[in-house]
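J.: next come a sequence and a model predicted from it.
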Amino acid sequence: MGKFGAFRILVYRDLQIRYAGTWLGYLWTLLDPLAMSAIYWFVFSYIVGAKSLGEQPYILFLLTGILSWTWFNGAVTDSARSLVVESKMVRSIAIPRYLWVIKSIGAKGTEFLFALPILILITIIFQAKISAALLFIPLAFVVQFLLLSGIGLILAPLTVLARDTTNILRILLRMMFYLTPIIYGLSDIPENLRTIAYLNPMTGIISMYRAGFWNDPNLITPVFFSIVISLAVFIVGVVFFKKVERSVLKEV
């Protein structure tokens, strides 16, 4: 069995375990981001009254960001714990150890793809305009997968060596949610702070997911930063994982 075959089996196993014994199964993939989007849409549209926030229709704007963030948040959390949770199998099954890390990213990525029909439904309901820039979505998916793989390959060994990594990670992810243009747009960020926002690779990734619905004349800059930083994180992750793999196996 090749590496891709092993990866596919691990992803399928992950999804089976996740939905085993649930009544709604796959529908949880849709309900979670939809519920989050509905709450933020109601709060910012009717309670706070921030009519200028993001783009219209705001519910579609929220979904494009929250779906991507749901994948990011879940994949980072699961991949960080992957070597600890699967410790017995990591030691006993003769497959590359990095597959145990990126299978979590693949499983969450599959859930993300399964949830994309929500965007189609909301686009039809609100008669939102689309453009050829929808072709950025596959690129955004690939870049986000590379970014998450790099992060996972760094965090998974660190979690084995220092178990409180997950607690620190939980705080950082909560902070990063509000520092990423999810409930607001890149245009809502003051110009003097946008360069800092570009250093967050999720800024460019979410911009690519939104490009087919809203024309952004400044799209190239965040996309460039996102691709370069994601590739750099991936390379660092691969090198770091190889360097510490033996030490980690002694602790697993």
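T.: Right, received. Where do you want to start?
J.: so how far is A107 from P222?
T.: 27 Å (C-beta to C-beta, to the nearest Å). Just so you know, the C-beta spots here come from the backbone N, C-alpha and C atoms, and that holds for glycine as well.
J.: ah, wrong one, I meant D78
T.: Taking C-beta to C-beta, one finds D78 at 7 Å from A107.
J.: can you give me the pLDDT of I154?
T.: Model confidence at I154, given as pLDDT, is 96.
J.: isn't A133 right up against A211?
T.: Yes: with contact defined as C-beta atoms under 8 Å, A133 counts as touching A211 (3.9 Å).
J.: of the two, who's got more company?
T.: A211 (22 against 16; other C-beta atoms under 10 Å).
J.: contacts only, for that one.
T.: The contact partners of A211, by C-beta atoms under 8 Å, 6 or more residues apart in numbering, come to 131, 133-134, 136, 219.
J.: so how do I select the buried members of these in PyMOL?
T.: The following PyMOL line selects those of the contacts of A211 that are buried, judged by 16 or more other C-beta atoms under 10 Å:
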select buried, resi 133+136+219
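J.: JSON lines for the contacts of A211, including distance to F112 and secondary structure?
T.: Output for the contacts of A211, formatted as JSON lines (distance: C-beta to C-beta, whole Å; DSSP: H, G, I helix; E, B strand; the rest coil):
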{"residue": "S131", "distance to F112": "22", "secondary structure": "coil"}
{"residue": "A133", "distance to F112": "19", "secondary structure": "helix"}
{"residue": "L134", "distance to F112": "16", "secondary structure": "helix"}
{"residue": "F136", "distance to F112": "15", "secondary structure": "helix"}
{"residue": "L219", "distance to F112": "21", "secondary structure": "coil"}
